[in-house]
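[1] model this:
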Amino acid sequence: MEKKIFVIDDNEANLTACKNVLKPFYTVFPIPSAAKMFDLLRHVKPDLILLDVEMPEMDGYEAAGILKKDDAWKGIPLLFLSGRTDDASEKKGLDLGALEFIQKPIVSSVLLDRIGFHLK
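    This next block holds a predicted model:
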């Protein structure tokens with residue numbers, strides 16, 4: 001059975017790029033906001049979550065905090081996607097429980113490698 005991956009990003013181009021890279025290998029759920037992710041989590045449990053940091057309404061850090069406090073979701077591997085390159089942003093994401101902080105724009109081979117590593 002294919003592994004399920006949630007990709008949460010408010011930018012349609014980023015969602016499409018991730019979906020195109022991942023769909024030959026995984027079942028991909030492109031999601032345009034953290035609020036919609038939480039709605040879908042009530043029905044589908046993904047094997048991994050790719051979460052954008054900068055989003056309106058609820059940013060990735062806030063969403064990660066909620067995910068990691070809920071027993072039903074805290075064990076799901078979380079990888080941040082971000083255009084931020086500063087150490088403080090990366091440290092904040094890792095401190096919130098993310099396993100990786102992947103830079104955007106995405107590099108297909110890096111994204112697939114990091115996901116594959118965490119889904120072993």
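[2] look at the most centrally placed residue in the chain and give its secondary structure.
    For the chain, the residue sitting closest to the mean C-alpha position, by C-alpha atoms, centre = their mean, is Leu50 at 1.2 Å. Under the three-state scheme (DSSP: H, G, I helix; E, B strand; the rest coil), the conformation of Leu50 reads as strand.
[3] repeat that for Pro105.
    Each residue gets one of three states, and Pro105 gets coil by three-state DSSP.
[4] quick one: it and Leu67, what's the gap?
    Distance from Pro105 to Leu67, counting by C-beta to C-beta, to the nearest Å: 24 Å. In short, each C-beta sits where N, CA and C put it, glycine included.
[5] out of those two, which sits in the busier spot?
    Neighbour comparison, Pro105 and Leu67: the larger count goes to Leu67, with 24 against 9 (by other C-beta atoms under 10 Å).
[6] pretty sure that one is in a strand, no?
    No - counting by three-state DSSP, Leu67 is not part of a strand but helix.
[7] now do the contacts for it.
    Contacts here follow C-beta atoms under 8 Å, 6 or more residues apart in numbering; on that basis Leu67 touches Ile49, Trp73, Lys74, Ile76, Leu78, Gly97.
[8] how many residues are close by Gly116?
    12.
[9] in which helix or strand does it reside?
    Assigned by DSSP states H and E, Gly116 falls within helix 108-118.
[10] so Leu79 sits against Pro46, correct?
    No - contact criterion C-beta atoms under 8 Å: Leu79 and Pro46 do not qualify, at 11.4 Å.
[11] what's the neighbour count on Pro90?
    Slight slip there: residue 90 is Glu, not Pro. One way to gauge burial is a neighbour count; for Glu90, by other C-beta under 10 Å, it gives 18.
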